[in-house]
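Novice: no letters, just coordinates:
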C-alpha cells in the first residue's frame, strides 16, 4: 500500500493540525449469533490525509462510501480498527486512535462535532443555555457567571441576537436554522481547534443554508478552527472547502485543492460524480460520463481497485494489481488510478 | 383498450390544456388558527408538458400535489377555486369516483416512494395489484405479466427482476419500479413530488434522465415538485416558483433562470451553489419564512425583500403577465436584475 503522506499543499511552515495514517474500520458481519465473524465490511480502508491549521477539507462521496465513519473515528464516536489519528495538542502530536480514557477530556476540548439533523442532535428537555454551557461545565472552565457570559457571547457570534431572548428557550421553540446555530455555538464554546461537520446544512432550506455556511466560514476564520466537512453535495463542498477528498467504498480515490480538482478531475469516479451533479442553469449542457451499475457494499473486497467493476477505463493492470496508491500530480493533487 | 402492451399517455393533443388549477385556496385548521397553505394559485399543465413547482419547505408545493390527488389530511379545507382535469372538476367528484381516477388518470411518484413497497410481496405482484384495481378491463395473468415486463424495460429494469422482493432491489431500482408502477395504467398526468431527493447523485442523474426520456417519448404530462432548482432545471420546460403559499412567478424554465422577475426567484438562484461557472459569493436570503397563520400584509415576501417599496407593504400584487409567457406577482419587478446563466 502507498505510504505517501498527503501534504496539505498549503505550504505550511508549521506542522499539520491533524494527520491520519492508514486508518481502517472493519465491521464484522456475523451469520449467526454464536459464530465468530469471518466476513467484514471494509467501511474505511487504509486512508491517509492531513489537515493544516485553519484549513477545511471536504470529504465527499455517495452514501455508504465511509465518509461518516471517518468523521466518527476522528471524533472518537467509533473506534478505529487500525491506523493512527494524530492531533496537534499545543505542539505535541497525540494519537486519538489509542488515547487513554483519562485523556479523553483533554481530547474533547480540541475536537468537536456538528451533526446533520438539528432536530435530533439537541436534547429537547434542555434549554439553549444548558446545551451550550454543558461542555464548559464538563471541562470545568470558569465560574457560573463567566460561563453565562461566554455562552451569551457565543450566541451573539452565531447570530442568535439578542442572546438573552434565546438563552432559556427550548429546541422546540426554535426553527431549523436557529437550532443549527445553537449546535454550532455548542461546538465552538470551548475553543476547539478541529471540527467535524457531518452534512450540517443538508436538512436546511436553501435560503437558510447559505447563511449557516457563511457563518461557519466566518467562524472558521475568527476562531482559527479546521474543518473536516462531510457532504454528498459537491457544490456545497466547493463553497466551503479549501481541499476536497473523494471517497469510494472506503478508499480516498482523489484529493486536491478544490478548484483544481473540480476543473481537472482525473479519477474516473470523480469524473462520473462531477458529471452527474445537476446544474442550476437550463442553458448549460453537461458532459455525460457513464459508469456501470450502482455502488455496492465493501464486503470482503478483493485486493484490486475498488472501482474496477464500474470503471469504463479498466485494463489488465487494474485486474491483476492491488488497489492503486497515490500518484502525485503536483499542487497537492493526488489520484489513485493506474490509467491516468 | 386494445393493446395491453402499449405504454402511453392518455392525455389529449400536445399543447392543449390538460390540468387546470384555478384560483385554488386551501387552508389547514389548527389549534392556533387557520394556516393559509395555498393562496389563490392558478396554473395550467398542457398535454405533453413537464412543468416544475419549486419553493422551500412549507411554501405549499406538496399541498398542491395532495389537492390534485385529493389526498389531503382531515384538517384541510379547500376554501375556493377548482382543479379541472380535461375540463372535469376533480374537487366535485365523490370519494369513489376519485379513487378510480387515481393511478388511472392521475398517478404519482412520491418522495421516498421507494421505501413504500410492501416488503413481503414481490415487486411485480404489487404492480399487478395496481393493474387489477385500475385497469379498465380484466386481464389474464399472462397479459398482466407481459405488461409489467414492458413497463420494466421502459424504466431500465430487467423484466426478470419482477419476481424479486423489495429488499433485493437497490434504492435506485426501487425508485425505477415506482416509476413503472406510476406508468402502469397509462395515466394522463404524473405528479412527481421530490422524485429523487433521497437518492445519491449518480443514481439521481440516471433516474432524471430516464424520466425525461420517458416523458418525451410518450408525450407524458408531468408536474415535478422539488426544493432543488438544479433538478427542476434539468427536466422541466416551464416552472412556477412558490413562496409562502403563493405562486409568485410562472414562466419558461430558461426565462425564469436567466431573467427572473420576482426578487425571491432571483435570490433563490443567487443562493444556489454550483460546481460549474466561476466561484462566486452567494447571497443569503435574510430572515425566516413567514408564519402562515398570520401572513405578512401586502406581498408575503416584503419583510425579506431587498427590492421592497411602500406599495408592497399594503397592497398584495397579483400574478401578471409581463413578458411572453412570463408572469410575476411583484410591484417592483422591473428592478430585479438579469442573471443570464451561470457563466456570467
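Specialist: Received the coordinates, thanks. It should be emphasised that the depicted structure is a prediction, and the values quoted were computed from it without experimental measurement.
Novice: what does the stretch 201-340 of chain A have sitting close to chain B?
Specialist: Applying C-beta under 8 Å from any C-beta of the partner chain, we find that the stretch 201-340 of chain A lies next to chain B at A:205-211, A:213-214, A:232-236, A:238-239, A:259, A:262, A:272-284, A:291, A:294-295. No exception for glycine: its C-beta is placed from N, CA and C like everyone else's.
Novice: from those residues, list the buried ones, please.
Specialist: A:205-211, A:213-214, A:232-236, A:238-239, A:262, A:272-282, A:284, A:291, A:295 (16 or more other C-beta atoms under 10 Å in any protein chain shown).
Novice: among the residues of the stretch 201-340 of chain A next to chain B, which lie within helices?
Specialist: The helices, defined by DSSP state H, take in A:206-211, A:213-214, A:234-236, A:238-239, A:259, A:262, A:272-276 from these.
Novice: list the contacts for residue B:192?
Specialist: Residues in contact with residue B:192 (C-beta atoms under 8 Å, 6 or more residues apart in numbering or on different chains) are B:108, B:109, B:211, B:222, B:223, B:224, B:225.
Novice: any chance of those in a markdown table, with pLDDT, secondary structure and neighbour count too?
Specialist: Formatted as a markdown table, these follow (pLDDT from 0 to 100; DSSP: H, G, I helix; E, B strand; the rest coil; neighbours: other C-beta atoms under 10 Å in any protein chain shown):
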| residue | pLDDT | secondary structure | neighbour count |
| --- | --- | --- | --- |
| B:108 | 90 | strand | 23 |
| B:109 | 90 | strand | 24 |
| B:211 | 91 | helix | 26 |
| B:222 | 96 | strand | 25 |
| B:223 | 96 | strand | 26 |
| B:224 | 96 | strand | 28 |
| B:225 | 95 | strand | 24 |
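Novice: nearest to residue A:312, of these?
Specialist: Nearest to residue A:312 out of the contacts of residue B:192 is residue B:211 (C-beta to C-beta; 23.7 Å).
Novice: what residue ranges in chain A are flagged as low confidence?
Specialist: Within chain A, the segments meeting pLDDT under 70 span A:1-14, A:31.
Novice: that one: strands as residue ranges?
Specialist: A:18-29, A:39-51, A:56-60, A:82-89, A:92-95, A:111-114, A:194-198, A:226-231, A:243-248, A:251-257, A:327-328, A:334-335 (DSSP state E).
Novice: which residues touch the fourth one?
Specialist: Strand A:82-89 has contacts (C-beta under 8 Å, 6+ apart) with A:15-24, A:46, A:53, A:73-74, A:93-98, A:106-107, A:110-111, A:193-194.
Novice: now, of those residues, which are buried?
Specialist: A:16-21, A:23-24, A:46, A:53, A:73-74, A:93-94, A:96-97, A:107, A:110-111, A:193-194.
Novice: considering only those, which also neighbour chain B?
Specialist: Okay, of those, nothing touches chain B (C-beta under 8 Å from any C-beta).
Novice: who in the stretch 51-200 of chain B is up against chain A?
Specialist: Residues of the stretch 51-200 of chain B lying near chain A (C-beta under 8 Å from any C-beta): B:56, B:57, B:170, B:172, B:173, B:200.
Novice: mind putting the residues you listed in TSV, neighbour count, secondary structure and pLDDT included?
Specialist: Shown next, in TSV, are these (neighbours: other C-beta atoms under 10 Å in any protein chain shown; DSSP: H, G, I helix; E, B strand; the rest coil; pLDDT from 0 to 100):
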residue	neighbour count	secondary structure	pLDDT
B:56	20	coil	88
B:57	14	coil	84
B:170	16	coil	85
B:172	23	helix	86
B:173	21	helix	89
B:200	22	coil	87
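Novice: and these, which is closest to residue B:118?
Specialist: residue B:173 (15.9 Å).
Novice: give the contact list for the closest one.
Specialist: Per C-beta under 8 Å, 6+ apart, neighbours of residue B:173: A:294, B:157, B:161.
Novice: tell me, how many residues neighbour the last one?
Specialist: Right, residue B:161. 16 (other C-beta atoms under 10 Å in any protein chain shown).
Novice: isn't there a helix covering it?
Specialist: Yes - counting by DSSP: H, G, I helix; E, B strand; the rest coil, residue B:161 is part of a helix.
Novice: which residues does it contact?
Specialist: Residue B:161 neighbours (C-beta under 8 Å, 6+ apart): B:123, B:152, B:168, B:169, B:173.
Novice: quick check, residue A:326 in contact with residue A:333.
Specialist: No - contact between residue A:326 and residue A:333 fails when scored by C-beta atoms under 8 Å: they sit 9.8 Å apart.
Novice: could you tell me which residues touch both of these two?
Specialist: Common neighbours of residue A:326 and residue A:333, counting by C-beta under 8 Å, 6+ apart, are residue A:255.
Novice: list the residues that contact residue 271.
Specialist: Went with chain A since none was named. Residue A:271 touches A:265, A:289, counting by C-beta under 8 Å, 6+ apart.
Novice: switch to chain B, that's the one I care about
Specialist: Contact partners of residue B:271, counting by C-beta under 8 Å, 6+ apart, are A:206, A:207, A:209, A:210, B:282, B:283, B:284, B:285.
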